[in-house]
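Asks: Return atomic coordinates for the entry below.
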Amino acid sequence: MKTILFGGSFDPVTSAHTDIIRQLSRRFDRTVVVPCKISPFKTAVSASGEERLRMLALSISKIKAEISDFELMSSLPSYSFITIKHFFSKDYSLYFAMGSEMLSGLDKWKNIKEVLDDVIFYIIPRDGFPVDRRKIYDLKSKGFRIEIADFEGKEGSSSEVKISIAMGSPELFLENIVADYIVSKGLYLDYAYVNDLYNKYGMKESRIRHSFSTALCGVKLAKRLDVDTNKAAIALLLHDIGKYVSREEAEKLGIVFSSEIEKMPKPIIHAEIGAEILSQLEKIEDKEIINAVRYHTTGRPEMSALEKIVYLADYIEPLRAFPGVDKIREATTISIDEGLFAGLANSILHVDEKTLYPLTKSAYDYYKEILNK
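Replies: Now for the predicted structure:
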């Protein structure tokens, strides 16, 4: 008899979660879903334990699986080794399900070596996080028992859910019954405020669609680079907030620009205006977010991980269809820096030399040298 544990915050339970639970129930004798109270990898959850239990119950009502409140009832953080010890029994083989994105840090989990003889780790491949065979070999040499699932986890994270709720499409990543529950309870409205900012600064509907598409694309890149997805979502959703505000209008609103704006060609000036709107008018103090907006059209040498994410997502989001975009997408699958360089190269190729902003050429030269090394 084989029992598998599937843990997580389920904040909320997404269609991707539900599909994994369904797949596990077909492969194991007993599937136990274990929502955590406080994940060691998160500072907080948005919905209460009761609400998350209710959403799980709605989501898996037709699936042969059970829900355990073991971690929710504990006063301790939800460490996996404690849960494994609780469910371990000599009467069955115990498995622990986890996404391939968590594989790299598995051997660093708290006290995980205490339970290596008790559990088999069941790795579910996820898009954008290929299973690292070398890492698996290393883990097995340390005593970890590992099996790879014969199915792939679907897309859908809490960050993507919150973005889709803000854009009025909660059903993108949620079962309909869960989406209805969330809307009725007014949950996960973290980014709803961006719609007020879009109205305030005259964003056109087409640009709003682009911004949402960019955000959904960018949070996936953020996970690859282990960047705070909340910070990334804010920068991505607001990267074009200055698109329809002229310099003159911005100055009438009280914005003071540096002399650098005089050198900027028209196609990129909205990024500078947007950065100053967020900094001076909306009082966003996070410099990483401000700079990600400021340099999302030009790039620059030594970009932060967040700057790379916003630059690239703006370039390759699914609604983009310009010549060369598929090559940039392909390069991004290799590495973020490969994708970044391909985007910079494309800009240099298609922008007239007289209007090419010097910072873009500097960024191109910098990352060319980095990749050549």
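
Asks: Identify the residues contacting the residue nearest to Ser100 when sequence neighbours are not counted.
Replies: Using CB to CB, 6 or more residues apart in numbering and skipping residues adjacent in sequence, the residue nearest Ser100 is Phe129, 4.4 Å away. The way it works is simple: take the backbone N, C-alpha and C, and place the C-beta from them, glycine included. Phe129 makes contact with 99-101, 103, 223-224 under the criterion CB atoms under 8 Å, 6 or more residues apart in numbering.

Asks: Swap in 7 Å and give it another go.
Replies: Counting by CB atoms under 7 Å, 6 or more residues apart in numbering, Phe129 touches 99-101.

Asks: and it, backbone torsions?
Replies: phi -130, psi 70 (degrees, to the nearest 10).

Asks: Repeat that for Gly7.
Replies: phi -110, psi 170.

Asks: center of the chain, which residue is that?
Replies: With distances taken as CA atoms, centre = their mean, Val219 lies nearest the centre of the chain, 3.0 Å away.

Asks: Show me the strands in the stretch 151-300 of the chain, by range?
Replies: Counting by DSSP state E, counting those that start in this stretch, no segments of the stretch 151-300 of the chain form strands.

Asks: whoops, the stretch 1-150 of the chain was the one
Replies: Using DSSP E, counting those that start in this stretch, strands in the stretch 1-150 of the chain cover 2-8, 30-35, 66-67, 93-99, 120-124, 146-148.

Asks: of these, which approaches Glu288 most closely?
Replies: strand 93-99 (26.1 Å; CB to CB).

Asks: counting contacts, what elements does that closest one pack onto?
Replies: Counting by 3 or more CB pairs under 7 Å, 6 or more residues apart in numbering; DSSP states H and E, the packing neighbours recorded for strand 93-99 are strand 2-8, helix 80-87, strand 120-124.

Asks: quick one, it and helix 80-87 angle?
Replies: 150 degrees (axes from the mean of the first three to the mean of the last three CA atoms, to 10 degrees).

Asks: Okay, now the sheet partners of strand 93-99, with direction.
Replies: strand 2-8 (parallel), strand 120-124 (parallel) (DSSP bridges).

Asks: pLDDT value on Thr43, please?
Replies: The model reports Thr43 with a pLDDT of 58.

Asks: With Pro40 instead?
Replies: pLDDT at Pro40 comes out at 61.

Asks: any idea how far the closest residue to Pro301 other than its chain neighbours lies from Thr355?
Replies: Closest residue to Pro301 apart from its sequence neighbours, by CB to CB, 6+ apart: Tyr366 at 3.7 Å. Going from Tyr366 to Thr355 by CB to CB, to the nearest Å gives 21 Å.

Asks: more neighbours, these two?
Replies: Tyr366 (17 against 10; other CB atoms under 10 Å).

Asks: can I assume that one sits in a strand?
Replies: No. Using DSSP: H, G, I helix; E, B strand; the rest coil, the assignment for Tyr366 is helix, not a strand.

Asks: right, and it touches Met303 too?
Replies: No. Using CB atoms under 7 Å, Tyr366 makes no contact with Met303, being 8.9 Å away.

Asks: so can I have JSON lines of the strands paired with strand 93-99 showing mean neighbour count?
Replies: Formatted as JSON lines, the strands paired with strand 93-99 follow (neighbours: other CB atoms under 10 Å):
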{"stretch": "strand 2-8", "mean neighbour count": "21"}
{"stretch": "strand 120-124", "mean neighbour count": "21"}
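
Asks: Quickly list the domain ranges of this structure.
Replies: Following automatic domain parsing, one finds the domains of the chain at 2-148, 193-372.

Asks: For Val161, which of those is the nearest?
Replies: domain 2-148 (6.0 Å).

Asks: one step back: tell me who's in contact with the residue nearest to the centre of the chain.
Replies: 157, 159-160, 229, 232-233.

Asks: Nothing else from me, thank you.
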